[in-house]
Every structure is written in C-alpha cells, then in structure tokens.
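In: Dropping the sequence and predicted coords here.
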Amino acid sequence: MKKLTAFYLPLIVCFFWISLVSGGNDSALEAQMNTLKQECKELITGTRYEGSKITYYHVGASKQTKNIEVFMFLSNEYQFAVSAKKCSVPVSIKIYDAPTEVKGRTLIEEFKKVQGKNWKFSSNDLNEKYLKKKPGSDRLKNIHIEYSIASGKESKEGIVLVYGNKS
C-alpha cells in the first residue's frame, strides 16, 4: 500500500496543480475557439494555410492590451482572417510595423469595435498603406498586432487570427 501511495501521490498533486494553474476546465472555450478558427480558414480559401494564433484573455475591471507578432517570410500576398465573434466587450485592433518598445513605430491599420465579427485583410493592403506612410521602405516582413480590450463583466475569452499565403 505504501508503494502505491508513494507512486500516486505525486501524480495527484501534479494534476491538482495543473488544474489550478490552467484555471480549471476551459474545454468549452477551446471548442469555441476551434470553431472560430475553422470559420477563419474558410475566409482565406485560396491560400496556403500557414498558421494561427489564438489569444486568450480575462475580461475584468480594467482595460488590457495584448500583443502578437506575425512573420511574412514569403513575398507572396498573405491573407489574414480574424474572429472576435465571442468577445463580449469592445475590442480594437491596431497593426504596427514594429513592437511596442520601438519609438516611432508606424500605425498601419486600425480596426475599431470588432467584437462580434469575423473579417479579413491582406498584406497587399497593409503594404500599400505602409508605403504611403513611409515612402521608400521595403515591404513588411512582419507585423505587430495589438489587441485593446475594454473592461467588463468577468469572463475568459479569446480572439482568433488565421493566416496563409497565396502561392
């Protein structure tokens, strides 16, 4: 009996700790995000799927900002699809040419009040706007996306980004 307890006790403690750190059972939210990911993939048909990024956040008493970076290695056109369908509070998205810590970074595009929507945009549109703001620059090789999330009723939510390139 002692050997059994000595073997299972660390496993039980480990599982308990993982459930505390992960915030409990989020399988329903993950299933919703996977559904939204599929919807986004359908928005960018005709591209070679390259990846996705799901950004989870906790709505609470204060505003928050989340940042992600997306690389565009190929010179082909990239299509991006975003889903903020399951967002319950106002969300704005800003796309920059550089990370937050770079002074003088350029705001390329801004989408306001996107909660409850799916939409898409392309690297060609972003490059066109970027070159108007910074003539003589090279094409964008990466973009920095900033999600601004308003405060609201406590909940855990997510935003889905899917992207692919046209071959």
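Out: Yep, it's here.
In: and the strand or helix carrying residue 53, what other elements does it pack with?
Out: Assigned by DSSP states H and E, residue 53 belongs to strand 48-59. For strand 48-59, the packing partners by 3 or more C-beta pairs under 8 Å, 6 or more residues apart in numbering; DSSP states H and E come out as helix 27-43, strand 64-71, strand 142-149, strand 155-165. For glycine as for every other residue, the C-beta is placed from the backbone atoms N, C-alpha and C.
In: Show me the contact partners of stretch 83-91.
Out: 32-33, 36-37, 39-40, 59, 93, 113-118, 147-153, 155, 157-160 (C-beta atoms under 8 Å, 6 or more residues apart in numbering).
In: at 7 Å instead, please
Out: Here stretch 83-91 makes contact (C-beta atoms under 7 Å, 6 or more residues apart in numbering) with 32, 36, 39-40, 59, 113-118, 147-153, 155, 157-160.
In: What is the burial count for the closest residue to residue 96 other than its chain neighbours?
Out: Nearest non-adjacent residue to residue 96, counting by C-beta to C-beta, 6 or more residues apart in numbering: residue 144, 4.4 Å away. Residue 144 has 18 neighbours, counted by other C-beta atoms under 10 Å.
In: one step back: any chance of the helices and strands packed on strand 48-59 in TSV, with mean pLDDT too?
Out: Shown next, in TSV, are the helices and strands packed on strand 48-59 (pLDDT from 0 to 100):
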stretch	mean pLDDT
helix 27-43	93
strand 64-71	96
strand 142-149	97
strand 155-165	96
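In: Out of those, which one sits most buried?
Out: strand 155-165 (a mean of 21; mean count of other C-beta atoms under 10 Å).
In: send the alpha carbons of that strand over as CSV?
Out: Written as CSV, here are the backbone C-alpha positions of strand 155-165 (Å, rounded to 0.1, in the frame of the first residue of the first chain):
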residue,chain,number,x,y,z
SER,A,155,-15.1,36.1,-18.2
LYS,A,156,-12.4,34.3,-20.1
GLU,A,157,-12.5,34.9,-23.9
GLY,A,158,-10.3,34.8,-27.0
ILE,A,159,-9.5,36.3,-30.4
VAL,A,160,-8.5,34.1,-33.3
LEU,A,161,-6.1,35.0,-36.1
VAL,A,162,-5.5,32.7,-39.0
TYR,A,163,-3.2,33.4,-42.0
GLY,A,164,-2.0,31.9,-45.2
ASN,A,165,-0.1,33.0,-48.3
